[in-house]
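Asks: Task: produce atomic coordinates for the following.
(one chain, ligands or ions: 1)
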Amino acid sequence: MVPRYQINFELSQIEKKFCDFLIVGGGVAGLFTALKAAASGKEVMVLTKDSLEECNTTYAQGGIASVIREDDSQDLHFEDTLESGVNMCNSRAVEVLVEEGPLKVKELIDLGVSFDRVNYHYSLGREGAHSRDRVLHVGDSTGKTIQNVLMDSTRSRDNITIEEDVFVIDLLTYKNRCIGVLAYDENTGRVSACLSKVVVLATGGMGQLFNLTTNSNIATGDGLAMAYRAGAEVMDLEFIQFHPTVFYTPEGKAFLISEAVRGEGGILRNEEEEQFMVHYHPLADLGPRDVVARSIISVLKKTKTKNIYLDLRHLGEDFIRNRFPNIYCTLKQYNIDITTDLIPIVPAAHYTMGGVKTNLYGETNIPGLYAVGEAACAGVHGANRLASNSLLEGLVFGDRVVKGVKNYIKEVSLNLRDIEISCQEQSELKDRYKDNQEVKRLLRRIMFEKVGIIRSQDSLKQALNFIEENKDLLIYNILDKESFELKNIITLANLTARAALLREESRGAHYRQDFPSKKESWQKHLVFSLSRERKEELD
Ligand SMILES: Cc1cc2nc3c(=O)[nH]c(=O)nc-3n(C[C@H](O)[C@H](O)[C@H](O)COP(=O)(O)OP(=O)(O)OC[C@H]3O[C@@H](n4cnc5c(N)ncnc54)[C@H](O)[C@@H]3O)c2cc1C
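Replies: The predicted structure is shown next:
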């Protein structure tokens, strides 16, 4: 059983802060939402569990998809996105994304993001499964540039308060509405509450459920897990995108080699230096990410090797150094010169297609609770995200959340200062859990091996058995960030493995060895809701 709250508390006993608009998360989705909310005159607060820089947005390399050129159209962008999503996208959400995207990108440019140009025209990259060149970029550090511009813009607004290193533990609900969050300050060890009629989850994805991942350490799926505990619906969790080309440093840190590298002509090679992707997909190296990732796993199994290679050597030194300066310099630190050497790579968990289920204005099934960005599932990505659509999603739906909230704020009359909530459900800590790092290490490895790129009934059941053996950790009252994160990881690992076990077909990023084809009868979503499960338990 998943308890409603992670800790025992009494709201009357803890320090409280108030604001009009509370945003949990400060990546592209959170900060763009903050700017929009601040423009409507609201007192906005943004909470982030690490420094403001540390988030997946900062690591985005390839760029942001937007229809700019005359030989491109919103219809083509729409079709490419639906095709990638394998009949699982919400077509209305995709329409919104491609129609409103270019205007939001223009706003980003107005804020100061200076995308690369050649002869005054924007330089547009091509990425896997895009039928046109439409990816705006800033070298290979697009995310970092966007994040820096958004950080500067939000920090300069008087009505935006940003609090870093504040870990949000849980959403507070009262009479079925979301009215704020419980937060933990690692430096003081104190729990406080932040109360607001509007709470936006912009907490990013859950790549850290897997031991091999491109994601920032912050990506432990906290927002999804806390929304689930609070009764929100979470959807499509079985669809995890694995990126085919990740370089692992000797210290075990993942460094993504952007898809743009293959877009510019990079070639995947096996240990005999053969271009193997021509045997697996008509688009060869530019096939969809799931196909490329699975093909790599097949090659690794066949050849019993630990990695394959990415070859850029034929692109020429000047081009490589100008187009991919960040990748060039980073790998140079590890004695790999990408202009003359092959790059050793493996696939790794990269993007969470599923998330907290929302409508086209970021509304969840809990009044007052909104979700946006990678934490949300509005149906834009379906079973497989089209490359470079996620930064765009953060902008488009961040803007829409603020539009949607206007009516809600007018309707709801609540005096947040009078509300009393408490929880005494959690048990005191058992010795066995004082060092839970080992559980985390094993679980993340099991998730990659058994709930990763290639799944089967057997592998999924093995993962679920491990989760079951460690699930009792959820009921302990432990006040530290590591434990909060581990509880969230266990909760989401369980839901992800259950969803993957239920979906007896292969579609997009979800591949079942025992059900290798797509099935018409499975063209539907898997939605989990704790309130529903609790009700079923009682029935
Ligand atoms: C290596 C890499 C490369 C990528 N390249 C591209 C690309 O080229 N183009 C593209 O479109 N997409 C790309 N993506 C995906 C894209 O970067 C992300 O989907 C997007 O940035 C997510 O933005 P976000 O605002 O939703 O979340 P994030 O940017 O991850 O921000 C999450 C925020 O939530 C906060 N948070 C989380 N949990 C808590 C908590 N419990 N309490 C308080 N705060 C919390 C974090 O501190 C952080 O501020 C890439 C992703 C990676 C990892």
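
Asks: Could you grab the helix/strand/coil label for the residue most central in space within the chain?
Replies: For the chain, the residue sitting closest to the mean C-alpha position, by CA atoms, centre = their mean, is residue 205 at 2.6 Å. Secondary structure of residue 205, reduced to three states by DSSP: H, G, I helix; E, B strand; the rest coil: coil.

Asks: give the contact list for it.
Replies: Neighbouring residues of residue 205 by CB atoms under 8 Å, 6 or more residues apart in numbering: 56, 215, 219, 221, 351-352, 355, 374-375. Backbone N, C-alpha and C define where each C-beta goes, glycine included.

Asks: now, which of the residues you listed lie within helices?
Replies: Judged by DSSP state H, the subset of the contacts of residue 205 located in helices is residue 56.

Asks: Give me the below-cutoff pLDDT ranges for the stretch 401-539 of the chain.
Replies: Flagging of the stretch 401-539 of the chain using pLDDT under 70 yields the residue ranges 434, 537-539.

Asks: okay, now the closest residue in space to residue 189 that isn't next to it in sequence: neighbour count?
Replies: Leaving aside its sequence neighbours, residue 189 sits nearest to residue 479 (CB to CB, 6 or more residues apart in numbering; 7.0 Å). By other CB atoms under 10 Å, the residues close to residue 479 number 15.

Asks: Over to residue 156?
Replies: Residue 156: 8 neighbours (other CB under 10 Å).

Asks: ok, now how distant is the nearest residue to residue 192 once chain neighbours are set aside from the ligand?
Replies: Nearest residue to residue 192 in three dimensions, chain neighbours excluded: residue 15, at 4.3 Å (CB to CB, 6+ apart). Separation of residue 15 from the ligand (CB to the nearest ligand atom, to the nearest Å) stands at 17 Å.

Asks: for residue 15, phi and psi?
Replies: phi -60, psi 140 (degrees, to the nearest 10).

Asks: list the contacts for it?
Replies: Residue 15 touches 190, 192-193, counting by CB under 8 Å, 6+ apart.

Asks: Which of those residues fall in strands?
Replies: The strands, defined by DSSP state E, take in 190, 192-193 from the contacts of residue 15.

Asks: Those, buried ones only, as a ChimeraX selection?
Replies: Filtering the ones in strands among the contacts of residue 15 down to the buried ones (16 or more other CB atoms under 10 Å) takes a single ChimeraX command:
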select :193
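
Asks: Adding pLDDT, write the ones in strands among the contacts of residue 15 out as JSON lines.
Replies: What follows is the ones in strands among the contacts of residue 15, written out as JSON lines (pLDDT from 0 to 100):
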{"residue": "190", "pLDDT": "96"}
{"residue": "192", "pLDDT": "98"}
{"residue": "193", "pLDDT": "98"}
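
Asks: so, if you compare the ones in strands among the contacts of residue 15, which one comes nearest to the ligand?
Replies: Nearest to the ligand among those, counting by CB to the nearest ligand atom, is residue 192 at 12.7 Å.

Asks: Return the distance of that closest one relative to residue 163.
Replies: Remark: distance between residue 192 and residue 163 (CB to CB, to the nearest Å) = 10 Å.
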